[in-house]
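> generate coordinates for the sequence data below:
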Amino acid sequence: MPSGATAGCTAKRALLLFVTMKSTACPASSVASGAGEALVRPEALQVDAADDGQANGRVVSVAFLGPFSRVQCRLVGGPDDGEIVVAQLPSASVQHLSADQPVRIGIDTDAVLVVPAA
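A predicted model of the protein is given here:
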């Protein structure tokens, strides 16, 4: 995520396809105060190649599905080490990704929906 993209946001845990990962949730949400769950669609994830020192995940697989591709990544480090997240991205943007490659996984905070915690 570009620096400054999360200005005014606080660190939270986001629900990603029934998996949690460290992320950010911005104050502009459907939860005015108190606990909430961040719902993130696979197309709201960003996956970019990264050096090992900057990586927070590794590619498990890339599935070409025509105009888009599904990228499975295993989280590395942090409280959710080993969990799998799935991103759905334009195929042209994932041609450089391959299995076991270190990546930086981010979330488009504009696409996060925060709902009251159950």
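> C-alpha only now, for contacts and for neighbours.
Will do.
> now do the helices in this protein.
For the chain, applying DSSP state H gives no helices.
> lowest average confidence across helices and strands of it, where is it?
One helix or strand of the chain scores below all others by mean pLDDT, DSSP states H and E: strand 10-16, with a mean of 40.
> could you pull out the strands in the protein for me?
All strands of the chain, identified by DSSP state E, fall at 10-16, 19-25, 36-40, 45-49, 57-65, 68-75, 84-90, 102-107, 113-116.
> mean neighbour count added to the ones you listed, as a markdown table?
Shown next, in a markdown table, are the strands of the chain (neighbours: other CA atoms under 10 Å):
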| stretch | mean neighbour count |
| --- | --- |
| strand 10-16 | 17 |
| strand 19-25 | 18 |
| strand 36-40 | 21 |
| strand 45-49 | 20 |
| strand 57-65 | 19 |
| strand 68-75 | 22 |
| strand 84-90 | 21 |
| strand 102-107 | 22 |
| strand 113-116 | 18 |
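> nearest to H96, of these?
Counting by CA to CA, H96 lies closest to strand 45-49 out of these; the figure is 8.0 Å.
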